[in-house]
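1. I need the structure of the sequence given here:
(one chain, ligands or ions: 1)
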Amino acid sequence: MLAYVRGPPVAVFAGSWLCSKSPVDGTPIALGEPFGDCEVGVARLMSIATSVRIAKQLGVRVFVSEELGEDAVDAAFAGGANGVLEELKYSEGDYKEGAASVLLRPRDLAELVNTVRVIAETHRKPFDVLIAASLDRVHEFAPYVDGVVIVDGWVPVSVGEAGEIPEIRRCVHCGVDYLIYSNPVRRCIYCGRRLSGVIASTRPPRSRAVFRSVFKRYAGVTRLRVKIV
Ligand SMILES: [Zn+2]
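-> Numbers count the residues shown, from 1 in each chain. Predicted coordinates for the structure are as follows:
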């Protein structure tokens, strides 16, 4: 049984297929929170999902490469990824006939915007600008591009042993997870809203549509704290 022990204040759970008990993929998890009975491999998938979510919060479309492997790509979708690079019509470094996007690997902002202008002057065709970058550089480029492909620099997420997985009920409005060790609660003690379960009793299919809908459901959750009851 695992808890989320080190990483950003909110991580995204991914990898339910490696668990006998877990949240639904795409569910945010608070730092310090126990979350499921899983293989430790979920940490890498949570790292990818969390990284995508962090990039999405910069207001940019986020893509990953299928080179990451099927599990990691699904984790990226759980984090809100818009798509897979290889499924786009794109060309790398310069515009090519039929491409909808041009993928660049700029060293800095000046190189990016000047390269884009030169491509425009040469080809006189519309195109979207994508950049391939490490997560820690996405914020530099995000305001100036149509999309980013995260290639590395995934945010570290560590998991550790938990003694038990209590029932966990969440108020999405207040960003509070009630860890029920003694007193069952049905409504949020701060706002009175009905709480929803964090650990899934039934597992939805492993599909991009499901990942997207779970991501959207929790998109507004930017902070999350644990309350023991
Ligand atoms: Zn509440």
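
2. residues touching residue 62, list them.
-> With contacts defined as Cβ atoms under 8 Å, 6 or more residues apart in numbering, the neighbours of residue 62 are 52, 55, 56, 76, 79, 80, 81, 82, 147, 148, 149, 150. C-beta coordinates here come from the backbone N, C-alpha and C atoms, glycine included.

3. Residue 219 now?
-> By Cβ under 8 Å, 6+ apart, the contact list for residue 219 reads residue 80.

4. Can you report phi and psi for it?
-> Backbone torsions of residue 219, given as degrees, to the nearest 10, read phi -60, psi -30.

5. Against the ion, how distant is it?
-> With distances taken as Cβ to the ion, to the nearest Å, residue 219 is found 17 Å from the ion.

6. still on that earlier bit, so of the contacts of residue 62, which ones are in helices?
-> Of the positions in the contacts of residue 62, 52, 55, 56, 76 sit in helices, assigned by DSSP state H.

7. of all those residues, which comes closest to the ion?
-> Looking at these and their distance to the ion, the nearest is residue 56, at 24.1 Å (Cβ to the ion).

8. Leaving out the residues flanking it, which one is nearest to that closest one?
-> Among residues not flanking residue 56 along the chain, residue 80 sits closest, at 4.6 Å (Cβ to Cβ, 6 or more residues apart in numbering).

9. and if you look at residue 116?
-> residue 129 (5.6 Å).

10. Looks to me like that neighbour is in a helix.
-> No. Note on residue 129: no helix contains this position according to DSSP: H, G, I helix; E, B strand; the rest coil, which reports strand.

11. Among the contacts of residue 62, which one sits closest to residue 183?
-> Residue 183 lies nearest to residue 79 out of the contacts of residue 62, by Cβ to Cβ, at 33.2 Å.

12. Residue 136: neighbour count?
-> Using other Cβ atoms under 10 Å, residue 136 is surrounded by 13 other residues.

13. can you redo the ones in helices among the contacts of residue 62 as JSON lines with distance to the ion?
-> What follows is those, written out as JSON lines (distance: Cβ to the ion, whole Å):
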{"residue": "52", "distance to the ion": "27"}
{"residue": "55", "distance to the ion": "28"}
{"residue": "56", "distance to the ion": "24"}
{"residue": "76", "distance to the ion": "30"}
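
14. Tell me the secondary structure at residue 94.
-> Recorded secondary structure, residue 94: coil (three-state DSSP).

15. who's in contact with it?
-> Per Cβ under 8 Å, 6+ apart, neighbours of residue 94: 102, 119, 122.

16. Spatially central residue for this structure, please.
-> residue 79 (2.2 Å; Cα atoms, centre = their mean).
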